[in-house]
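In: Pasted the sequence and its predicted model underneath.
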Amino acid sequence: MSNKGSIIGGQMQFKSVCSLKSHMDAVRGLQFMPDSMTMVSASEDCSVKIWDLSVLSDPKHTGSLQELEPYLSLRGHTGPIMSIGAATQSNNSKESEVSSLLYSGGINGSIHLWKVPPSHQIKPYGPANDSQFRIAAWEQAHED
């Protein structure tokens, strides 16, 4: 992936390498997952989108601006999502098994905990059963 910038007027200027298209409203949060090749976005459109950034390292796309689509959309919030955070969880019985977890917080006080699957486990044209990735949900977690 080439994201080299140039120095203009003493300041570094970066070049865009991709455009993320999918949310229908303002994006309020971005989070890079611990594997560093997965990014998650949260939006006022009540959805969390999961993006596979490894496709950007494909040499055939070097030099051209790409439009990247998410490999999974998670729905479950009933209001805008304002924050997200990532964590990892290792299975003590199998040290090689590490799963990525994601917390999303809505403007209405709800908090959702999601399992973030790797892109190779998702069928792009399969059924959209995103609820299988929700581990827990706390509605009205606080009343500020």
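Out: Received, thanks.

In: use CA for all of it now, contacts and neighbours both
Out: Noted.

In: Distance of G76 relative to I135?
Out: Counting by CA to CA, to the nearest Å, the gap from G76 to I135 is 11 Å.

In: Oh, that last question was meant for A26, not what I typed.
Out: Counting by CA to CA, the gap from A26 to I135 is 25 Å.

In: Please apply the same query to P80.
Out: P80 is 20 Å from I135, by CA to CA.

In: okay, those two: which has more neighbours?
Out: Taking P80 and I135 together and counting by other CA atoms under 10 Å, P80 has the greater number of neighbours (20 against 13).

In: Quick check, I122 in contact with P70.
Out: No - if you go by CA atoms under 8 Å, I122 and P70 don't touch, sitting 11.0 Å apart.

In: helix/strand/coil for the one residue sitting closest to the centre of the chain?
Out: Most central in the chain under CA atoms, centre = their mean is V40, positioned 1.1 Å from the mean C-alpha point. Secondary structure for V40, judged by DSSP: H, G, I helix; E, B strand; the rest coil, is strand.

In: So it sits against V48, correct?
Out: Yes - applying CA under 8 Å as the test, V40 and V48 come out as touching, 6.9 Å apart.

In: In this protein, where is pLDDT below threshold?
Out: 1-6, 58-65, 90-98, 128, 141-144 (pLDDT under 70).

In: what ranges do the strands span in it?
Out: Secondary structure of the chain (DSSP state E): strands located at 6-8, 11-13, 18-20, 27-32, 38-43, 47-52, 66-68, 72-75, 81-91, 94-106, 111-116, 134-138.

In: Throw those strands into CSV and include distance to G126, thanks.
Out: Shown next, in CSV, are those (distance: least, CA to CA, whole Å):
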stretch, distance to G126
strand 6-8, 43
strand 11-13, 41
strand 18-20, 22
strand 27-32, 25
strand 38-43, 20
strand 47-52, 16
strand 66-68, 19
strand 72-75, 11
strand 81-91, 25
strand 94-106, 22
strand 111-116, 17
strand 134-138, 18
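
In: Leaving out the residues flanking it, which one is nearest to the residue nearest to the centre of the chain?
Out: I50 (4.6 Å; CA to CA, 6 or more residues apart in numbering).

In: list the contacts for the one you found?
Out: 38-41, 70-73, 116 (CA atoms under 8 Å, 6 or more residues apart in numbering).

In: Please consider this matter closed, and thank you.
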